[in-house]
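Novice: predicted model follows, preceded by the sequence.
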Amino acid sequence: MRPGAGRARRAFALLAAGLAALLAAALLRGLSPSDDTLLSGDTQGTTYSIKIAAPLGEAEHRRVEETIAQRLDRIDRVLSLYREDSELSRFNRLDGVEPVPASTDLIEVFQMARTVSEVTGGAFDVTVAPLVAAWDFGPASTGDAKAPSDAALAELRGRVGYEKIEVDAARGALRKMVAGVTCDLNAIAQGYTVDRLAADLLGLGYQNFVVEVGGEVCARGHNTRGIPWQVAIEKPVFDGREVEQVIPLDNMALSTSGDYRNYREKDGVRLSHLIDPHSGRPVTHHLASVSVLHSQCALADAWATALMVMGPQMGYDLALSQGLAVLFISSGQDTGFVTRATPEFERLAGNGGQGTAR
């Protein structure tokens with residue numbers, strides 16, 4: 001999450017793009033560049049972009065830039081795995097099982113993560129960090145590590161399980177229930193960043209804008225043409241960029257998780273960066289991407305990852321039972337891609353992405 005982080009920065013950029021909507025999911029159409037204000041830059045090993053549907057004066061532009069910079073710096077100091085001094089990194093290094101004070105941001109992210117973990121039976125699990133590292137993804141990736149042995153995976157799985165972290169929001173504290181547990185918040189952090197930036201813009205008085213971080217998108221109001229922001233979901237092809245579907249997005253967030261950008265090939269086998277916490281291994285099903293519409297980008301981010309881990313049928317069944325707005329895209333053997341949307345996704349995508357998704 002730090003500028004110029006070399007190999008770690010590039011690895012995180014790939015991971016962030018794979019867990020989020022992948023930059024193309026934020027393709028914005030129907031814009032009037034001369035009337036929009038665009039702010040963009042680097043953050044968290046990837047990029048961010050913000051469009052405000054109004055021209056800003058120099059002083060106002062500077063005020064927005066400063067607000068964005070302060071928010072990004074704050075989140076980086078709390079959630080980054082690429083800063084040894086971040087709050088998360090310091091928590092991961094703790095050996096004991098005593099409660100430790102935690103910031104509001106860290107508590108909030110852990111709470112949201114646990115909500116998704118409980119509903120998915122642990123398909124989403126922030127304690128998956130040691131398994132991610134074992135398969136040579138994440139901050140310490142070398143790109144050429146050997147696959148872990150069955151014995152090594154069995155040992156690591158003893159330190160994995162969302163219930164091994166106790167969140168005490170009332171006291172503002174976190175506690176490891178088992179020594180040696182480490183956490184990775186990358187599958188929810190960028191969505192959380194989008195939410196906080198959107199709240200900051202609303203606090204400054206802006207009503208019509210779109211925020212994108214590493215492909216995670218949140219839109220409010222309309223663009224300078226007076227219509228909802230147009231956001232594209234990418235077709236999950238390994239080479240090139242193709243649009244699967246364009247959604248008019250208003251007062252909603254969109255997150256896409258997929259394995260078609262971030263993967264490694266080992267002995268001719270393609271290994272997904274998405275690790276199933278139950279098996280300890282990369283997912284092997286034919287689900288190529290999952291796109292989630294939600295009122296909160298952090299939860300859209302987490303749900304997209306969880307449903308990708310669960311697979312096409314189990315994921316769809318759970319999304320249906322939870323009333324989630326989700327588009328599943330699977331790889332067909334001879335038919336290219338097969339898409340399957342929940343009724344809630346069809347409803348929201350069909351009426352301009354407006355309304356309230358869970």
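Specialist: Yep, that arrived.
Novice: so how far is residue 128 from the residue nearest to residue 95 when sequence neighbours are not counted?
Specialist: Once flanking residues are discounted, residue 95 sits nearest to residue 179: 5.9 Å by Cβ to Cβ, 6 or more residues apart in numbering. The C-beta positions use only the backbone N, C-alpha and C, and glycine is treated the same way. Applying Cβ to Cβ, to the nearest Å, the value for residue 179 to residue 128 is 17 Å.
Novice: show me which of those two is the more surrounded one.
Specialist: residue 128 (28 against 11; other Cβ atoms under 10 Å).
Novice: on that earlier part again, dump the residue contacts of the residue nearest to residue 95.
Specialist: Residue 179 makes contact with 95, 96, 97, according to Cβ atoms under 8 Å, 6 or more residues apart in numbering.
Novice: how about 10 Å then?
Specialist: 94, 95, 96, 97, 159, 164 (Cβ atoms under 10 Å, 6 or more residues apart in numbering).
Novice: do you know the pLDDT at it?
Specialist: Listed pLDDT for residue 179 reads 92.
Novice: doesn't it fall inside a helix?
Specialist: No: counting by DSSP: H, G, I helix; E, B strand; the rest coil, residue 179 is not part of a helix but coil.
Novice: ok, residue 200 touching residue 218?
Specialist: No: using Cβ atoms under 10 Å, residue 200 makes no contact with residue 218, being 11.6 Å away.
Novice: give me the common contacts of the two.
Specialist: 50, 211.
Novice: looking at these two, which has the bigger crowd around it?
Specialist: Between residue 200 and residue 218, counting by other Cβ under 10 Å, residue 218 is the more crowded of the two (32 against 17).
Novice: how close does the residue nearest to residue 158 when sequence neighbours are not counted get to residue 86?
Specialist: Among residues not flanking residue 158 along the chain, residue 178 sits closest, at 7.8 Å (Cβ to Cβ, 6+ apart). Remark: distance between residue 178 and residue 86 (Cβ to Cβ) = 22 Å.
Novice: and residue 111, by the same measure?
Specialist: Taking Cβ to Cβ, one finds residue 111 at 19 Å from residue 86.
Novice: who has more neighbours, the two?
Specialist: More crowded of residue 111 and residue 86, by other Cβ under 10 Å: residue 86, with 20 against 11.
Novice: who's in contact with the more buried one?
Specialist: 1, 2, 75, 76, 77, 78, 79, 80, 92, 106.
Novice: tell me the contacts of the last one?
Specialist: Applying Cβ under 10 Å, 6+ apart to residue 106 gives the contacts 78, 79, 86, 87, 88, 91, 167, 172, 174, 183, 185.
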